[in-house]
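In: Build me a structure from this.
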Amino acid sequence: ITGVNEPKTFTKAELKAINSRLSDLYLKFNKNLLTATNAFELVVDDKAKLSGLPETSIAVAAEEAAKRNMKGKWVFTLHAPSRLPLLQYADNRELREKMYKGYTTLASSGEYNNYPVIAEILKARIRKANILGFKNYADYMTDNVMAKNVKSAEELLMQIWKPAIARVDREVAEMQALSDKEGNNFTIAPWDYYYYAEKVRKDKYNLDEGLVSQYFHVDSVRKGIFSMAKKLYGVTFTEIPDAPKYDPEVKVYDVTDADGKHVAVFMTDYYTRPSKRQGAWMSEFKGSFVTDDGNAERPIVYNVANFTRPTGNTPCLLSLDEVETMFHEFGHGLHGMLTRAKYKSQAGTNVDRDFVELPSQIHEHWAMEPELLKTYAHHYKTGEVIPDELIKKLDEASTHNQGFITTELVGAALLDLQWGQLTDADNVDVESFEKNVADKLSMPSQVAYRYRSPYFKHIFGSDGYASGYYTYLWAEVLDADGFELFKEKGIFDPATAKSFKENVLEAGGSDDPMELYVKFRGKKPTPEALLRNRGLINEPAKPGNLPMPGGK
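Out: Take a look at the predicted model:
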């Protein structure tokens, strides 16, 4: 037992009971969230109200209505492939507001209210932390990872927060100016942000994401991730059509090394269905390890997403965000597939929570690199390779809306750490707590947390990212800094790829993560590459500026 407050009384039975209680509460939280998500429907009975929406979204909504015995109408749900296009493209402001409020009040009232569940989770976590000798749950969760303490995590987040909210002010001003120019007499509200961000993107960069998505058929992007893996690490993916699978839409692949040896089995499960929770993730049916007699047991890894399923003549075309999601989860998959760590407890993604997102996030960078993009981004109808002019526009618009994206992410991470620092949850009021945190941060009124607490499954659906949602940003410091080495040497430079494979992907949790990173990169990281990558600063790197807090 370690920590600042040694417990006066402690029994294994009590700790076991608390862990069991938390498991039950996580199940209840997730069940409420899934049921509340599936229960929501936004019904439209006049096609004129769907002005601005892509035909693919309209077709999917019509099919959803037919499934619900409302043929001739259109039904939109809270699942991202339905929700986000409506917020981004629907000209009807009332529809956008209903969808936004439906999402941001998800699992917040009625039969599936997660507020009471959150209160019970907080109480159990505080008691667990105290039993293990810690003042609060955040201290407990950060003690044994790279950050080492809450202060280091918050210091990093605040280095990103300040330039992010400053960028939001400029983004909102551009949106307001465009709205005013259109003759509107309203102030930009949260449900306007996606819509006017897209209009500004079109106005500034002449870039229509609806047209862009036509180059990103799901099968083309899958080809892209496999091509990236082969060029970087020499691994090949061969489909096994007759392999056993848990759902007919799952695809299964045999992964082999350059010499033909079996590396792993990889499975993809990309489409939405009612039984599937929201989001995207990687997991495994079998971990990797080396037996006592020296034989290597290789893993079975899978990626899950919630992309719009093909319907009739409507194919599954991915948004830019969904393309990055596929590359992201595949990065986790590579971490699990390529591991060579001896022990299962150290293999693949069994690393410090604030190191685990490095392999996933660094591989996102390849998605829009022209050298790879031209090999997989083909128009789904004509087969035309994505043109240079469009690639140039994508590059110019790559930092568009990063104030909003960064603010909602950092805000959620800071909210998570504030929940973790509670020492008493007897009279917690979830809404008031969230508002107080937002007020202290001077969060712009047009931006909400990426996830409000009742549907923040990362931190209340399991222990996984509790007091650890900041790790996405912590790891982004590493991935942005690390990818600059690939840009310097060549994005498919064999020596750089070999070093990353050996020191990060294969090593797993077999050594201190910062030491592994330095072996790959040759130096410790600073947050400047992240800020440059998101367009939040323009200055070149300065040695020693904005040091990475915490860690070894």
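
In: can we go C-alpha only for contacts and neighbour counts from here?
Out: Fine.

In: Look through this structure and tell me its longest helix.
Out: Assignment by DSSP state H gives helix 150-181 as the longest helix of the chain.

In: Now it: buried residues?
Out: 150, 152-154, 156-157, 160-161, 163-165, 167-168, 171-172, 175-176, 178-179 (16 or more other Cα atoms under 10 Å).

In: swap in stretch 33-43?
Out: Those buried within stretch 33-43 under the rule 16+ other Cα under 10 Å are L33, L34, T35, A36, T37, N38, F40, E41, L42, V43.

In: Show residues contacting it.
Out: 65, 73-79, 98-99, 102, 106-107, 112, 114, 274, 277-278, 454-455 (Cα atoms under 8 Å, 6 or more residues apart in numbering).

In: Next: stretch 136-144.
Out: 3, 125-126, 128-130, 132, 134, 148-150, 352, 417, 420-423, 466-468.

In: List the residues that contact L372.
Out: Listed by Cα under 8 Å, 6+ apart, the contact partners of L372 are G224, S227, M228, W366.

In: any idea which helix or strand carries the second one?
Out: Looking back up the chat, that one is S227. Using DSSP states H and E, S227 falls within helix 218-233.

In: got the buried residues for that helix?
Out: 218, 220-222, 224-233.

In: before we move on, what about stretch 409-427?
Out: 409-423, 425.

In: ditto for stretch 320-331
Out: So stretch 320-331, judged by 16+ other Cα under 10 Å, has buried residues L320, E322, V323, E324, T325, M326, F327, H328, E329, F330, G331.

In: I figured the last one was touching S360, is that so?
Out: Yes - counting by Cα atoms under 8 Å, a contact exists between G331 and S360, whose distance comes to 3.8 Å.

In: ok so, going back, ok, the buried residues of stretch 33-43 vs E528, which is closest?
Out: L33 (36.9 Å; Cα to Cα).

In: How far away from the center of its chain is the strand or helix carrying that closest one?
Out: Assigned by DSSP H and E, L33 belongs to helix 12-39. Mean-position distance between helix 12-39 and its chain equals 22 Å (Cα atoms, centre = their mean, to the nearest Å).

In: pLDDT on that helix, on average?
Out: What helix 12-39 shows for mean pLDDT is 96.

In: Pull out the buried positions in the biggest strand by length in the chain.
Out: Criterion DSSP state E: the longest strand present in the chain is strand 262-271. Counting neighbours by 16+ other Cα under 10 Å, one finds that the buried residues in strand 262-271 are V263, A264, V265, F266, M267, T268, D269, Y270, Y271.

In: Contacts for that strand, please.
Out: For strand 262-271, using Cα under 8 Å, 6+ apart, the contacting residues are 249-257, 298-309, 333, 337-338.

In: Drop anything exposed from the residues you listed.
Out: By 16+ other Cα under 10 Å, the contacts of strand 262-271 give 250-257, 298-309, 333, 337-338 as buried.

In: Which of those fall in strands?
Out: 251-256, 300-307.

In: contacting residues for K286?
Out: R298, P299, I300, V301.

In: What of N30?
Out: If a contact means Cα under 8 Å, 6+ apart, then N30 has K457, G461 as its contacts.

In: Ignoring the adjacent residues along the chain, who's closest to E384?
Out: Among residues not flanking E384 along the chain, H378 sits closest, at 5.2 Å (Cα to Cα, 6 or more residues apart in numbering).

In: what are the bridge partners for that neighbour, then?
Out: V385 (DSSP bridges).

In: Quick check: pLDDT value at it.
Out: For H378, the predicted pLDDT is 97.

In: and if you look at P7?
Out: 47.

In: ditto for K276
Out: K276 is given a pLDDT of 88.

In: what comes up buried for stretch 431-438?
Out: In stretch 431-438, counting by 16+ other Cα under 10 Å, buried: E434, V437, A438.

In: burial count for T56?
Out: 19 (other Cα atoms under 10 Å).

In: Quickly find the element holding it.
Out: T56 belongs to helix 55-67, assigned by DSSP H and E.

In: Any buried residues in the lowest-mean-pLDDT helix or strand in the chain, and which?
Out: Of all regular secondary-structure elements in the chain, judged by mean pLDDT, DSSP states H and E, the least confident is helix 209-212 with a mean of 88. By 16+ other Cα under 10 Å, the buried positions in helix 209-212 come out as E209, G210, V212.

In: Quick check: M337 vs G52, distance?
Out: 42 Å (Cα to Cα, to the nearest Å).

In: That should have said G72, apologies.
Out: 19 Å.

In: For the two, indicate the residue with more neighbours.
Out: Per other Cα under 10 Å, whichever of G72 and G52 has more neighbours is G52, with 16 against 13.

In: residues in contact with the more buried one?
Out: By Cα under 8 Å, 6+ apart, the neighbours of G52 are Y89, A90, D91.

In: Now go through these and say which are in helices.
Out: Among those, the members that lie in helices (by DSSP H) are Y89.

In: ok, so of the contacts of G52, who is nearest G294?
Out: Y89 (56.4 Å).

In: The closest one and K49 touch, don't they?
Out: No - using Cα under 8 Å, Y89 is not in contact with K49; the gap is 11.6 Å.

In: Tell me which of these two has more neighbours.
Out: Remark: of Y89 and K49, Y89 carries more neighbours, 21 against 15, as counted by other Cα under 10 Å.

In: Give me the pLDDT for that one.
Out: Per-residue pLDDT puts Y89 at 96.

In: can you check P513 too?
Out: Reported pLDDT for P513: 93.

In: returning to that earlier point: the next helix-or-strand element following the helix holding L33 pairs with which strands, parallel or anti?
Out: On the C-terminal side of helix 12-39, the nearest following helix or strand under DSSP H and E is strand 42-44. Sheet pairing for strand 42-44, assigned by DSSP bridges, gives strand 74-76 (antiparallel).

In: which intervals of the chain have sub-threshold pLDDT?
Out: For the chain, the stretches with pLDDT under 70 are 1-10, 538-552.

In: go again using 80 as the cut-off
Out: Segments of the chain classed as low confidence (criterion: pLDDT under 80) are 1-11, 312, 538-552.

In: Dump the C-alpha coordinates for the longest strand of the chain into CSV.
Out: Extracted C-alpha coordinates of strand 262-271, given in CSV (Å, rounded to 0.1, in the frame of the first residue of the first chain):
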residue,chain,number,x,y,z
HIS,A,262,2.3,-15.6,-39.0
VAL,A,263,2.1,-12.5,-36.9
ALA,A,264,-1.5,-12.2,-35.8
VAL,A,265,-5.2,-12.5,-36.7
PHE,A,266,-6.9,-9.1,-37.3
MET,A,267,-10.7,-8.5,-37.4
THR,A,268,-12.6,-5.4,-38.4
ASP,A,269,-16.2,-4.6,-37.4
TYR,A,270,-17.0,-1.2,-38.8
TYR,A,271,-20.8,-0.6,-39.1
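
In: and it, which strands flank it?
Out: Sheet pairing for strand 262-271, assigned by DSSP bridges, gives strand 251-256 (antiparallel), strand 300-307 (parallel).

In: So which residues make contact with the first one?
Out: With Cα under 8 Å, 6+ apart as the contact definition, strand 251-256 has outside contacts at 235-241, 243, 245, 262-269.

In: Dump the C-alpha coordinates for that strand into PDB.
Out: This file holds the C-alpha atoms of strand 251-256, laid out as PDB (Å, rounded to 0.1, in the frame of the first residue of the first chain):
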ATOM      1  CA  LYS A 251     -13.900  -9.300 -41.800                       C
ATOM      2  CA  VAL A 252     -11.000 -11.500 -40.700                       C
ATOM      3  CA  TYR A 253      -7.400 -11.300 -41.800                       C
ATOM      4  CA  ASP A 254      -4.200 -13.400 -41.500                       C
ATOM      5  CA  VAL A 255      -1.300 -11.000 -40.700                       C
ATOM      6  CA  THR A 256       2.100 -12.200 -41.900                       C
END
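
In: I'd assumed K28 was in contact with Y112.
Out: No - Y112 lies out of contact with K28 (Cα under 8 Å); the separation is 9.2 Å.

In: more crowded one of those two?
Out: Taking neighbours as other Cα under 10 Å, Y112 and K28 compare with Y112 leading, 22 against 16.

In: Understood, closing this out.
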